[in-house]
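> heads up, no residue letters with this:
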């Protein structure tokens, strides 16, 4: 669907589609011709992990995010721009501006909050131009960096605190230091393969003194452990060359330690605080710079230290502390007591990053699971930054509304539905999205054939059926039928039954099916998992602090894929490596995982995609990074599971573990692959892959869907919310035809259905200023994509590409011309027919092509034809009426008739005004010709010229405002207003009435009078002046060719 004026996007390319390595550049050019829209939303944003601000320019703010990249604002948080889109990862764990040079910025990639869905990175990066460009400076194998400290006077000296991967043993963790700007690194502090840096601070008065918290932790798919022998507190007084471990001898708690948060204040660097997880977690402080410690209290210290154990001291007051956890608490007595300043309401809970300006402690910035908040009064009030589109979609789906809607659930930000496009001005705004269920949002399934119903869930299988009309929800989670407890994944599986509009599948360890939209359930399988009891101890998960939030639920079903071509056939993937398959509605099952060669047994199976073309063709997404195996895996069978082939290999074009796959429903050779590091495309059924670098950053692409009607590709990203790639027609042709397509001289692609809609004002403020989110909209009109061979384009010039709209009788309703640039181009037809040229105040060259703006065509099917010399192409375009209102064809025809009559009535005005402009232009030219002739020889001509100029100015002001008019507005009705009114009265959906008829009559009457006045001037005063001018100079320059003496 689809904009009201022509736009041309041109991509020069010479495409060949085999695709050999030498043709990679050509494939990139095709991709760059596609229209990619980032639609957000920004209303719920996503997890912010790091914050820093330029001290002397506090309006310059940088933030790092869990998986949405690095952002900068130079307007104190009003507007934002992404800085890291071209880098290999979008997961930011640490951020530091060099105190001695604010143009130098260091970024550590890989989030340091190791929840079950956290992302990893690719090392440490540096910018020397304020974030405009970046250079990878090494430490790639650390994967997750949680802290960076830049020396206060030497930006070449940097300490990096690597927390390391949570998913397995690795020696690439601990503290690293460079003194040469990242050229070389020294591994200064290393404990063991599971212990990394949880926090690290520097003494503001002594840059050689640092204190570091080391944390032993391990995450497994089924369990999390915080604490171990490696955890502890360390201090150095020589810049990290030597470290001393602090123990119970210095007052720290005895026994095993977990995660530790640290803070120090420039107001008094002798005071250091440590929030220490142990068997009795507590807040400790040191009065001698960290050498000795004592317990302050253990009651108000937070609730989930593995996820947030951060504490911040006011740089201007060491007794003022901010404790970050699910909420934010403030102490003003050195931690003895706290009060909550950010509860569970107002500002999103779960806080990870905090900033206190050292010169203005009332300026605070808070980063949490829901985005970014700013306070300018010390935390009394907060503003939410609503234009950071950082949503982490687990799943994405669509319905068949017009325009279609997009559904999805986000990490800790609920389940939502929003438009793929809007028929109002201002783009897709936050207000266009509706939350339908809170909690951690996951898959949202629109009910087939029912636009008023959707299924949504929260963590651990909390399934509800939602009435989208009023938001009412009914809990429909399957209930155990005997003593066997049901196990639902954190991100449980749901699927629609393709053969029953009321049918729904849902997964625990069993496959459940409902034939009545969740009111009753039948179990369709035995336990399809390994049912390993050693992996079902989630109640004990967490280590020193129990964290049983269902995030580690295991031996569960992760995905359900009914075969759309064969009833009773279903594929199921589990979190413990099972690929289960039934062809008899669950009576029997086959596990295919064991038969796949070099398959990582026990790996995660997050997605199975059954081909819409071939019932025996199935794609299986596998990832095993949760067991420290980072290879990409994608398998396919074409014989129903009897044999399998792996489609991606480590070291190839595809990077990042695989998360999602989709096959085009029109062209089977066209595949899209989503990984932890972006989007990839294949034009040959997976034999070769190409990174999609056009307008989609290296963000995790968790889910994808191709709209079956509109042919758009919708991406659900885990960090940058949702994207729409409009109209895959060129890619479909490329995949189906290969080089043959690009050997054509001219090709029009299939045009999506188009709708004649009125764009209303958006909801809310008309003038929202700059602090708001606006996602890219599709626009109005019919969107037309076409290809011109570069050699063909080179042979022709400007406006040589002719296009026309034809009706079924072959009549031309609208035509125009474009410049024939080589490659993929896009234009818009706004449904108008050929119109009229409106009066112009300045004389312009006559156009070779007709103007648009004529009456809109009636709904129906038309032909768009293009011609470039001897080359031609055509395709149908179907126009539909606005589905929001009843369509009255007779009223539409009446409006069109009125507009055609108005165009006819306006013609004399247009012609007369053009004559006026020609006369004025000629007078100016002749005046220049005669300026060298003495005044005494041209007195008569000059006097007549003054009189003529006065008359022409007077008649011009019948239509236009005076050229020298000063002020605002005018009560004088002019002819241009009468002309405009005659057309504007046909707006809306009704047939023109008496008022519209009166507008036509006025236009005829006033237009006739106007034309007669102009004619009188032409036949009188104009001829007199012309004769006088010719008497002075027998051959004056003139361009006038209208009525009068020639």
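Good, I have the coordinates. Since the model is a prediction, treat every value here as computed from it, not as a measurement.
> pLDDT score for residue 1040?
Listed pLDDT for residue 1040 reads 47.
> let the chain start at 59 from now.
Understood, numbering begins at 59; the last thing we discussed is residue 1098.
> and the contacts of stretch 596-610?
Defining contact as CB atoms under 8 Å, 6 or more residues apart in numbering, one finds that stretch 596-610 is touched by 173-174, 275, 278-285, 314-316, 335-337, 339, 362-365, 517-518, 546, 548, 611-612. C-beta here means a position set from N, CA and C on the backbone, and glycine is covered the same way.
> and the helices in the chain?
Under the criterion DSSP state H, helices of the chain are mapped to 82-90, 787-795, 797-800, 848-852, 947-987, 997-1017, 1033-1042, 1052-1077, 1079-1090.
> closest to residue 775 out of those?
Ranking the helices of the chain by proximity to residue 775 (CB to CB) places helix 82-90 first, at 17.2 Å.
> which residue of the chain sits farthest from its center?
Distance to the chain centre peaks in the chain at residue 994, reaching 73.2 Å (criterion: CA atoms, centre = their mean).
> which regions of this structure lie under the pLDDT threshold?
59-84, 904-905, 1092-1104 (pLDDT under 70).
> by contact count, what packs against the lengthiest strand in it?
The longest strand of the chain (DSSP state E) is strand 264-278. Secondary-structure packing of strand 264-278 (3 or more CB pairs under 8 Å, 6 or more residues apart in numbering; DSSP states H and E): strand 253-261, strand 281-284, strand 290-294, strand 318-322.
> try it again with 6 Å
In terms of contacts (3 or more CB pairs under 6 Å, 6 or more residues apart in numbering; DSSP states H and E), strand 264-278 is packed against strand 253-261, strand 290-294, strand 318-322.
> need the residues that contact it.
Strand 264-278 has contacts (CB atoms under 6 Å, 6 or more residues apart in numbering) with 172, 209-210, 224-225, 233, 249, 252-253, 255-261, 283-284, 286, 288-297, 317-318, 320, 348.
> what comes up buried for that strand?
Residues of strand 264-278 classed as buried by neighbour count (16 or more other CB atoms under 10 Å): 265, 267-278.
> each with direction, which strands does that strand pair with?
strand 253-261 (antiparallel), strand 281-284 (antiparallel), strand 290-294 (antiparallel) (DSSP bridges).
> ok, and what's touching the longest one?
The one in question is strand 253-261. By CB under 6 Å, 6+ apart, the list of residues contacting strand 253-261 from outside reads 204-205, 207, 219-222, 231, 267-274, 288, 317-320, 322, 327.
> what does the second one give?
With CB under 6 Å, 6+ apart as the test, strand 281-284 has contacts from 275, 276, 316, 317, 364, 599, 600, 601, 602, 610.
> check the gap between the nearest residue to residue 966 once chain neighbours are set aside and residue 1081 for me.
The spatially closest residue to residue 966, leaving aside those adjacent along the chain, is residue 1069, at 4.1 Å (CB to CB, 6 or more residues apart in numbering). Computed as CB to CB, to the nearest Å, the residue 1069 to residue 1081 distance reads 18 Å.
> and stretch 465-478, how far from the chain's centre?
In terms of CA atoms, centre = their mean, to the nearest Å, the gap separating the centre of stretch 465-478 from the centre of its chain is 13 Å.
> what lies in contact with it?
Stretch 465-478 is contacted from outside by 102, 175, 427, 449-455, 461-464, 490-496, 498-500, 502, 504, 514, 774, 782, using CB under 6 Å, 6+ apart.
> narrow the residues you listed to those that are buried.
102, 175, 427, 449-455, 461-464, 490-491, 493-495, 498-500, 502, 504, 514, 774, 782.
> which one of the buried residues of strand 264-278 is nearest to residue 801?
Residue 801 lies nearest to residue 277 out of these, by CB to CB, at 53.0 Å.
> distance of that closest one relative to residue 283?
8 Å.
> go on, residue 821?
From residue 821 to residue 283 the distance is 49 Å (CB to CB).
> include mean neighbour count when you put the helices of the chain into a markdown table, please.
Below are the helices of the chain laid out as a markdown table (neighbours: other CB atoms under 10 Å):
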| stretch | mean neighbour count |
| --- | --- |
| helix 82-90 | 19 |
| helix 787-795 | 22 |
| helix 797-800 | 17 |
| helix 848-852 | 16 |
| helix 947-987 | 18 |
| helix 997-1017 | 17 |
| helix 1033-1042 | 18 |
| helix 1052-1077 | 16 |
| helix 1079-1090 | 18 |
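> tell me which of those helices sits nearest to residue 620.
With CB to CB as the measure, helix 787-795 is the member of the helices of the chain nearest residue 620 (25.0 Å).
> show me how far that closest one is from its chain's centre.
25 Å.
> what of stretch 693-713?
In terms of CA atoms, centre = their mean, the centre of stretch 693-713 is set 29 Å apart from its chain centre.
> ends of it, what's the gap?
16 Å (CA to CA, to the nearest Å).
> which residues sit against that stretch?
With contact meaning CB under 6 Å, 6+ apart, stretch 693-713 is reached by 639, 650, 654, 674-678, 689-690, 692, 735, 738, 744, 747.
> farthest pair within these?
Using CB to CB, the contacts of stretch 693-713 span at most 31.1 Å, a distance reached by 674 and 735.
> who has more neighbours, the two?
Between residue 674 and residue 735, counted using other CB atoms under 10 Å, the more crowded position is residue 735 (25 against 16).
> give me the nearest residue to residue 1064, chain neighbours excluded.
Residue 1064's closest residue in space is residue 1036 (CB to CB, 6+ apart), at 5.3 Å.
> I'd assumed residue 1062 was in contact with the one you found.
No - assessed by CB atoms under 6 Å, residue 1036 is found out of contact with residue 1062, at 10.2 Å.
> hmm, back to that, if we only consider the contacts of stretch 693-713, which is nearest to residue 195?
For the contacts of stretch 693-713, the residue nearest residue 195 by CB to CB is residue 735; the value is 18.9 Å.
> gap between that closest one and residue 714?
Counting by CB to CB, the gap from residue 735 to residue 714 is 3 Å.
> same thing with residue 997?
Counting by CB to CB, the gap between residue 997 and residue 714 amounts to 86 Å.
> next one: residue 218
Counting by CB to CB, the gap from residue 218 to residue 714 is 22 Å.
> between these two, tell me which one has more neighbours.
Shown here are residue 218 and residue 714; by other CB under 10 Å, residue 218 has more neighbours (29 against 24).
> if we can go back for a sec, any idea of the angle the longest strand of the chain forms with strand 318-322?
160 degrees (axes from the mean of the first three to the mean of the last three CA atoms, to 10 degrees).
> out of the strands paired with strand 264-278, which is the most enclosed?
Sort the strands paired with strand 264-278 by mean neighbour count, taking mean count of other CB atoms under 10 Å, and strand 253-261 sits at the top with a mean of 25.
> where exactly do the strands run in the stretch 609-758 of the chain?
Ranges of strands in the stretch 609-758 of the chain, per DSSP state E, counting those that start in this stretch, are 615-620, 628-632, 637-640, 648-649, 662-668, 676-682, 687-695, 703-704, 716-721, 729-733, 736-740, 748-750.
> now these in a markdown table, with mean neighbour count?
Listed next are the strands of the stretch 609-758 of the chain as a markdown table, based on neighbours: other CB under 10 Å:
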| stretch | mean neighbour count |
| --- | --- |
| strand 615-620 | 25 |
| strand 628-632 | 27 |
| strand 637-640 | 23 |
| strand 648-649 | 14 |
| strand 662-668 | 24 |
| strand 676-682 | 25 |
| strand 687-695 | 22 |
| strand 703-704 | 16 |
| strand 716-721 | 24 |
| strand 729-733 | 27 |
| strand 736-740 | 24 |
| strand 748-750 | 21 |
